[in-house]
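Chemist: prediction below, plus the sequence it came from.
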Amino acid sequence: MGALKIVLNGDKLIINNSSALTLRLLEVRVGYRTSAEDYAGRPTTRTVTESTMLQRELKAGQSIELRLRSSEVSVVTLIYSDGKKVMREDLEP
């Protein structure tokens, strides 16, 4: 069970600190599913990733909202620190 929880709410991503510690959210990467054609013209699905550097402190129970470019989110990667070590969580909505 991770220290951060995510909720997709329309065009917003809500990140909540569910731990008892104050965490510093360093970076959020959002992977979006998109349709494309391969080199032969066949339809395929690709993932486009958007990265946002934050450096935001989240106290226990505190949350932050980020605006999404699309509702087709496939993965959210959170990179954060507890002051002693840097951690990464890959979350699927």
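Modeler: Structure's in. What do you need?

Chemist: where do the strands sit along the protein?
Modeler: With strands called from DSSP state E, the chain shows them at 4-9, 12-17, 23-37, 43-58, 63-67, 73-81, 86-91.

Chemist: now tabulate these in JSON lines and tack on mean pLDDT and mean neighbour count.
Modeler: The way it works is simple: take the backbone N, C-alpha and C, and place the C-beta from them, glycine included. Shown next, in JSON lines, are those (pLDDT from 0 to 100; neighbours: other CB atoms under 10 Å):
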{"stretch": "strand 4-9", "mean pLDDT": "95", "mean neighbour count": "15"}
{"stretch": "strand 12-17", "mean pLDDT": "97", "mean neighbour count": "17"}
{"stretch": "strand 23-37", "mean pLDDT": "95", "mean neighbour count": "16"}
{"stretch": "strand 43-58", "mean pLDDT": "94", "mean neighbour count": "12"}
{"stretch": "strand 63-67", "mean pLDDT": "96", "mean neighbour count": "13"}
{"stretch": "strand 73-81", "mean pLDDT": "96", "mean neighbour count": "18"}
{"stretch": "strand 86-91", "mean pLDDT": "95", "mean neighbour count": "13"}
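
Chemist: spatially, what comes nearest to the spatially most central residue of the chain if we skip its sequence neighbours?
Modeler: Most central residue of the chain, judged by C-alpha distance to the mean C-alpha position with CA atoms, centre = their mean, is residue 76 at 3.1 Å. In space, not counting the residues next to it along the chain, residue 76 is nearest to residue 91; the distance is 4.9 Å by CB to CB, 6 or more residues apart in numbering.

Chemist: that neighbour and residue 41: what is the separation?
Modeler: Residue 91 is 34 Å from residue 41, where distance means CB to CB, to the nearest Å.

Chemist: and the closest residue in space to residue 75 that isn't next to it in sequence, what is it in contact with?
Modeler: Taking CB to CB, 6+ apart, and ignoring the residues beside it in sequence, residue 75 has residue 31 as its nearest neighbour in space, at 4.2 Å. Residues touching residue 31, when contacts are defined by CB atoms under 8 Å, 6 or more residues apart in numbering, comprise 47-49, 73-77.

Chemist: out of those residues, flag the one nearest to residue 16.
Modeler: In terms of CB to CB, no member of the contacts of residue 31 lies closer to residue 16 than residue 76, at 12.4 Å.
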